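Asks: kindly return the folded structure for what I paste below:
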Amino acid sequence: MKSAIVIGSGFGGLALAIRLQSAGIQTTIVEARDKPGGRAYYWERDGHMFDAGPTVITDPDCLERLWKLSGDDIANDVELVPVKPFYALDWPDGTRFDYTNDDEYLFAQIAALNPADVEGYKRFLAYSAGVYEEGYVKLGTKAFESIGDMLKAAPALAKYQAWRSVYSIVAKFVQDEHLRQALSFHTLLVGGNPMTCSAIYALIHKLERDAGVWFAKGGTNRLVAGMVALFERLGGELRLDDPAVAIEVVDGVATAVRTKSGWHGEADAVASHGDIVASYGLIEGHARGAQQVKALKRKRYSPSLFVLHFGLEGNFPDIAHHMILFGPRYKELLGDIYNRGTLASDPALYLHHPTATDPSMAPEGCSTFYVLAPVPHMGKAPVDWSVEGERYAEVILDVLEERLIPDIRSRIRTRFHYAPSDFQTDLFAHLGSAFSLEPVLWQSAWLRTHNRDDKIRNLYFVGAGTHPGAGIPGVVGSAEATAGLMLA
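Replies: Below is the predicted model of the structure:
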């Protein structure tokens, strides 16, 4: 293989392209939007820098390895700074819990909620370490090309009761409901329901404890910019603002990509970091595209997000960088989002406050925030977001006003929102899903979209819809798996 085209410049697409270019494969990235980053897009409004997301970096080593491929150093392009506490967790009853890897502080907080849960937490940590080793270290960058590959991993996964949900495993170790929520909410960050997501995802706890939680100074967009700079130094080409409209297949081989502008790029291999349904929908000249679109539409998809971005007058030193505002309901709210398709009036919220770490992301004397609420995807709740968006923004502001910033509305200097319909329009996301396929056991590993297509053998996939799933470590890990197949 001498040349490759990668569709999409999100973290997975960039990571794959860097690996290919580092190996001497002339690689071109085709990006539909006017800036690179995919879901890690950004906006500048009234002096505020707004990251679209993601905002939590939990495994900087998986990123650093991309620079080391060519003997470079990530520090030349990106400044990563630690975030502590990892998350400040807040409940309507006034309970506050700082999620951290400072054991003395952590154990004291657990003991204040339920002294018996300190030992239970230690047992959960040992469990998390085990699934981290089996599910992330051994399998996180492995491509599952056959059912045999999955069966080889099955005994280890069975040992850790992978068929159980994260919440049920957590509940086995700790009794306090606040702690059960604190140790299970992480699956929501990759699109999984804590009540149904495989217990393997408890590995996120170990990943965060060991590697910490980080933020790219200047915003996640600076990490994207650093990856682009590395890719282009290596000789790669990035084409922006030019959506792919076709993957041309001749005699069972992907031969070229055609874009909206009329650009026609031929290559020895094609890879897509785009939405998996949309990506298969691009195939021309082979029945595989329509067949896979039909099959993929029958699968279960993760929910979407409603994200409200806002800039405020004033500084807020008491509000942490990352904050989770749990609602009055947990299991019932998750049922609304994942099963019933109900837009909740009492949402749980993730609040991102980057100026807590980097004041340069807002004008002097001001602060930048975004707050997101998980909401049903458009297949579950076909909401008219052009109407509902402003109303739901007010619902969220009501929560923030009541629990965190009493005078929030009088401080707002700029605001806008991003809804499921925007995920569908801007990112071609099937049903407006923010995380692609839902991470349940029967849609994991070999049962997710394969990194290499089974019929068109020089067509590859990377990103949230492939193994191991969503999140920066997940999509960067999928890039390593896909690159391994392509370079082999």
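
Asks: please identify which helix or strand holds residue 246.
Replies: Residue 246 is part of strand 244-250 when elements are defined by DSSP states H and E.

Asks: paired strands for that strand, with orientation please.
Replies: strand 253-259 (antiparallel), strand 283-284 (parallel) (DSSP bridges).

Asks: can you tell which of these is closest to residue 391?
Replies: strand 253-259 (37.6 Å; Cβ to Cβ). The way it works is simple: take the backbone N, C-alpha and C, and place the C-beta from them, glycine included.

Asks: of all the strands paired with strand 244-250, which one comes closest to residue 90?
Replies: strand 253-259 (45.9 Å).

Asks: got a list of contacts for the closest one?
Replies: With contact meaning Cβ atoms under 8 Å, 6 or more residues apart in numbering, strand 253-259 is reached by 5, 7, 30, 239, 242-249, 264-267, 269-270, 456-459.

Asks: can you check stretch 158-169 too?
Replies: Residues contacting stretch 158-169 (Cβ under 8 Å, 6+ apart): 124, 127, 130-131, 134-135, 180, 184, 186-187, 192-202, 331, 441.

Asks: please flag which of those sit within strands.
Replies: Using DSSP state E, the subset of these located in strands is empty.

Asks: and those residues, which are buried?
Replies: Among the contacts of stretch 158-169, the ones that count as buried by 16 or more other Cβ atoms under 10 Å are 124, 127, 130-131, 134-135, 180, 184, 186-187, 192-202, 441.

Asks: packing partners for the lengthiest helix in the chain?
Replies: In the chain, assigned by DSSP state H, the helix with the most residues is helix 385-403. Applying 3 or more Cβ pairs under 8 Å, 6 or more residues apart in numbering; DSSP states H and E, one finds that helix 385-403 makes contact with strand 304-313, strand 322-325, strand 349-352, strand 366-375, helix 408-411, strand 412-418, helix 420-427.

Asks: those: which one's closest to residue 482?
Replies: So among the helices and strands packed on helix 385-403, helix 420-427 is nearest, using Cβ to Cβ, at 19.5 Å.

Asks: so what's the residue minimising distance to the centre of the chain up against?
Replies: Central residue of the chain (Cα atoms, centre = their mean): residue 471, 2.9 Å from the mean position. For residue 471, the contact set (Cβ under 8 Å, 6+ apart) comprises 54, 58, 189-190, 464.

Asks: in CSV, list those along with pLDDT.
Replies: CSV is the format used below for those (pLDDT from 0 to 100):
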residue, pLDDT
54, 91
58, 92
189, 92
190, 93
464, 95
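
Asks: just the ones in helices from those, please.
Replies: Using DSSP H, none of these sit in helices.

Asks: all the helices of the stretch 1-150 of the chain, residue numbers only.
Replies: Assigned by DSSP state H, counting those that start in this stretch, the stretch 1-150 of the chain shows helices spanning 11-22, 60-68, 103-113, 117-131, 147-159.

Asks: domain boundaries for the protein, per the record?
Replies: 3-81+216-299+436-487, 107-215, 304-427 (automatic domain parsing).

Asks: worst mean pLDDT among these?
Replies: Among the domains of the chain, domain 107-215 has the lowest mean pLDDT, at a mean of 91.

Asks: between its first and last residues, what's the separation in that one?
Replies: 25 Å (Cα to Cα, to the nearest Å).

Asks: now stretch 57-74
Replies: Stretch 57-74: ends 14 Å apart by Cα to Cα.

Asks: and what of stretch 57-77?
Replies: 16 Å.

Asks: find the nearest non-adjacent residue to residue 208, please.
Replies: residue 58 (5.3 Å; Cβ to Cβ, 6 or more residues apart in numbering).

Asks: that neighbour contacts residue 472, correct?
Replies: Yes: using Cβ atoms under 8 Å, residue 58 is in contact with residue 472, at 7.2 Å.

Asks: and these two? which has more neighbours close in?
Replies: Set side by side, residue 58 and residue 472 show more neighbours around residue 472, with 24 against 21, by other Cβ atoms under 10 Å.
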